[in-house]
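In: Pasted the sequence and its predicted model underneath.
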Amino acid sequence: MKILLNSLLAVACASLLSACGARGGPETELVGVYAVERNGVLKEVVKIERDGDRYVMRDKVRTPEWSEPKMQMKPVTRERWSRITTDTESTSFVGISSDQLGIFKVPPGWQKNGFKTQTGYFLFYSQGPVEAHKL
């Protein structure tokens, strides 16, 4: 009986651990729709979705509907964060990026190199950072 209970407990623990792993890391909080402000109006521009163990981005840059998945994104390491933002402080951040785009969550009010985010979210692409609003 004791062996049976230990086996059941082991299976339950293994199931719980695998379920937690399937949810991913802190980057999962970046899944959602993001807008930028244009002329005082929020315009949806990017949607981040989770597809298995990866993240994909859709956009509404040239069309009124969401595009097909455009790029795969992966979690940003501290080293990559420092290269992208030139921030060498111990800033708390969560980020995912591809070679063309990054999306980050930082403490509201974070600033670097003349850019400041009030919302705590920003997109980073070839033109630099842009304030984002998570909807």
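Out: Thanks, I have it. Keep in mind it's a predicted model, so treat the numbers as computed, not measured.

In: any chance you could map the helices in this structure?
Out: 2-23, 78-85 (DSSP state H).

In: any low-confidence regions in this structure?
Out: 1-24 (pLDDT under 70).

In: So in that sheet, which strands flank the lengthiest strand in it, and in what orientation?
Out: Longest strand of the chain, by residue count under DSSP state E: strand 41-51. Each strand paired with strand 41-51, and its direction, by DSSP bridges: strand 32-38 (antiparallel), strand 54-59 (antiparallel).

In: would you turn those strands into CSV with mean neighbour count and distance to Lys70?
Out: Heads up, the C-betas are built off the backbone N, CA and C, glycines and all. As requested, the strands paired with strand 41-51 are exported to CSV (neighbours: other C-beta atoms under 10 Å; distance: least, C-beta to C-beta, whole Å):
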stretch, mean neighbour count, distance to Lys70
strand 32-38, 16, 14
strand 54-59, 18, 5
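
In: Quick one: closest of those to Pro108.
Out: Pro108 lies closest, by C-beta to C-beta, to one member of those: strand 32-38, at 15.1 Å.

In: Quick check, central residue of the chain?
Out: Most central in the chain under C-alpha atoms, centre = their mean is Leu30, positioned 3.4 Å from the mean C-alpha point.

In: Now do the same contact list for that one.
Out: Taking C-beta atoms under 8 Å, 6 or more residues apart in numbering, we find Leu30 in contact with Ile48, Tyr55, Val94, Gly95, Ile96, Ile103, Lys105.
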